[in-house]
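Asker: next come a sequence and a model predicted from it.
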Amino acid sequence: MNRTLITDALTVPAPGADLTVAGWVRTVRISKGGFCFIHLNDGSCFDSIQIVADKDLHNYETEILHLTAGTSIAASGKLVESPAKAQRVELHAAEVSLIGTCDGEQYPIQPKRHSFEFLRTQAHLRPRTNTFGAVARVRNAVSAAIHDFFQSRGFLYVHTPIITASDCEGAGTLFRVTTMDPAEPPRDDAGNVDFAQDFFGRPTYLTVSGQLDVEAYACALGNVYTFGPTFRAENSNTPRHLAEFWMVEPEMAFADLTANADLAEDFLKHVFTAVLDRCGRDMEFFNERIDETIIETLKGIIDSQFARISYTEAVDRLAQADRKWEYTVEWGNDLQTEHERYLTEEVFKVPVIITDYPAAIKPFYMRLSDDGKTVAAMDVLVPKVGEIIGGSQREERLDVLVQRMGQLALNPQDYWWYADLRRYGTVPHAGFGLGLERTVQFATGMANIRDVIPYPRTPRSAEF
Ligand code: 4AD
Ligand code: MG
């Protein structure tokens, strides 16, 4: 079928062309004058095209009048200027052919508002709704903007493995990968499960981060990034956590924490600019229906200068705040979402980069500062979502790295190759991870992270 995308049909400079469009019927309105209006959407853009079908069409009585939402059709005809205000052009159909019928009574996506909770149970059909079509297009634009940004700056895209033997974040939130029979796993002489007999001959997991692997490439190629799915088996039932999410992780050789923070700030501004440029109509929709401040917020961030404060200063600010915290504010405790949101939404009103966290609450690979208490870590916080980026300068000194592993009860042998990078031509280097879903969530104003990934995986939920 030589079809024209609806986005192209709706934006032709001058109407008058003969063309064919195809998609899924959104609504059909029968007019008294012996014709009907079909609104057809093909996902190429937010708007549907209006097709005017006349009673003279051979299948008018038999098929067209019975079309229901969800039916797939193709329509050919002339694109003309629309007399109505609601749209610039419409298609006067010379032919409407039915492609796939849709039981109008059974079809779960009726032409009315459905709750997001309900639509999560219809994850395979929800991309046909306005909201989820728009989310998918914004997610695509964010992904493309991520590559644009790094490619235009000469960062190389590196593919890091999904299956790994190391726990990068050291948080113990790993999903095990095994081919062993859970009912009868092989056992060693002491009766323990013998992972030496497992597929990889050792315990393996789904990766929580591609960072350790991508660091090796930074220490050879300079500026690199990895971008792929990551997995965390944390039992967090929050609107901001997924068990499977996508993360982009740039890593720069010969770079310190300041360069890292500069990169993060430029990067977020680039991504949000791209969303506004490429998804204007979708963003209008989010602004109307989801969050009436979202366009203004994104524009504000693009023009803003991010605040940068140390963890110690953040704790001081929180301690001074006239507010009762659910989680105790005290030097040494990790910041919670309530604290992060307060700082970015109420104190600074722009994104905030918090640096120099206590070593004790951060992973082994972060560079220990001269005070011996803090590490060269940074988190970027944005309103509503809280932490959107986590990163650090890496520990490039072998002796300090080994000492940190010891403190955290990690076995240096498990990280022999990672330590090699410090043994053979070590360099200062730094990087960060941006959660793709938190970014899409933030850019669209969608309240729940489950609604910005096509098929969310969360505790007790892996349907589809
Ligand atoms: O702060 P995190 O854990 O950092 C790392 O994994 C580092 N290895 C990154 C690096 O330095 N290369 O995670 C980074 C980001 C968070 O800021 C957040 O946006 C997102 O990943 N993230 C999650 N998103 C959804 N669901 C979860 N369970 C997430 N955990 C982290
Ligand atoms: Mg983090």
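Answerer: Received it, and whenever you're ready, just let me know what you need. Ligands and ions are numbered 1, 2, ... in the order given.

Asker: so where's the stretch 51-200 of the chain uncertain?
Answerer: Per-residue confidence of the stretch 51-200 of the chain (counting by pLDDT under 70) places no residue in a weak region.

Asker: can I get the helix or strand where residue 401 lies in PDB, CA atoms only?
Answerer: Following DSSP states H and E, the helix or strand that holds residue 401 is helix 398-407. Backbone C-alpha positions of helix 398-407 (Å, rounded to 0.1, in the frame of the first residue of the first chain) are rendered in PDB as follows:
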ATOM      1  CA  LEU A 398      44.400   1.700  42.900                       C
ATOM      2  CA  ASP A 399      45.300   1.700  46.600                       C
ATOM      3  CA  VAL A 400      42.300   3.800  47.600                       C
ATOM      4  CA  LEU A 401      40.000   1.700  45.500                       C
ATOM      5  CA  VAL A 402      41.100  -1.500  47.100                       C
ATOM      6  CA  GLN A 403      40.800   0.000  50.500                       C
ATOM      7  CA  ARG A 404      37.200   1.200  49.700                       C
ATOM      8  CA  MET A 405      36.300  -2.300  48.500                       C
ATOM      9  CA  GLY A 406      37.600  -3.700  51.700                       C
ATOM     10  CA  GLN A 407      35.500  -1.300  53.800                       C
END
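
Asker: for whatever helix or strand comes next after it, which residues meet the burial criterion?
Answerer: The element immediately downstream of helix 398-407 (helix or strand, assigned by DSSP H and E) is helix 416-423. If you call a residue buried by 16 or more other Cβ atoms under 10 Å, then helix 416-423 has these buried ones: 418-419, 421-422. From N, CA and C alone the C-beta is placed, and that goes for glycine too.

Asker: next one: stretch 446-454
Answerer: Taking 16+ other Cβ under 10 Å as the neighbour-count basis, stretch 446-454 is seen to contain the buried residues 446, 449-453.

Asker: ok, so of the residues you listed, who is nearest ligand 1?
Answerer: Of all the buried residues of stretch 446-454, the one sitting nearest ligand 1 is residue 449; the distance, using Cβ to the nearest ligand atom, is 6.1 Å.

Asker: for that closest one, which residues are in contact?
Answerer: Contact analysis of residue 449 by Cβ atoms under 8 Å, 6 or more residues apart in numbering lists 239-242, 245, 437-438, 441, 456.

Asker: can I get the residues you listed in CSV with secondary structure?
Answerer: As requested, the contacts of residue 449 are arranged in CSV below (DSSP: H, G, I helix; E, B strand; the rest coil):
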residue, secondary structure
239, coil
240, coil
241, coil
242, coil
245, strand
437, helix
438, helix
441, helix
456, coil
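
Asker: what subset of those residues is also close to ligand 1?
Answerer: Taking Cβ under 6 Å from any ligand atom, the overlap between the contacts of residue 449 and the neighbourhood of ligand 1 is 241-242, 245, 437-438.

Asker: now, of the residues you listed, which are buried?
Answerer: Buried residues within the ones next to ligand 1 among the contacts of residue 449, counting neighbours by 16+ other Cβ under 10 Å: 241-242, 245, 437-438.

Asker: just give me the neighbour total for the nearest residue to residue 27 once chain neighbours are set aside.
Answerer: Nearest residue to residue 27 in three dimensions, chain neighbours excluded: residue 39, at 4.7 Å (Cβ to Cβ, 6 or more residues apart in numbering). Burial of residue 39, expressed as a neighbour count using other Cβ atoms under 10 Å, amounts to 18.
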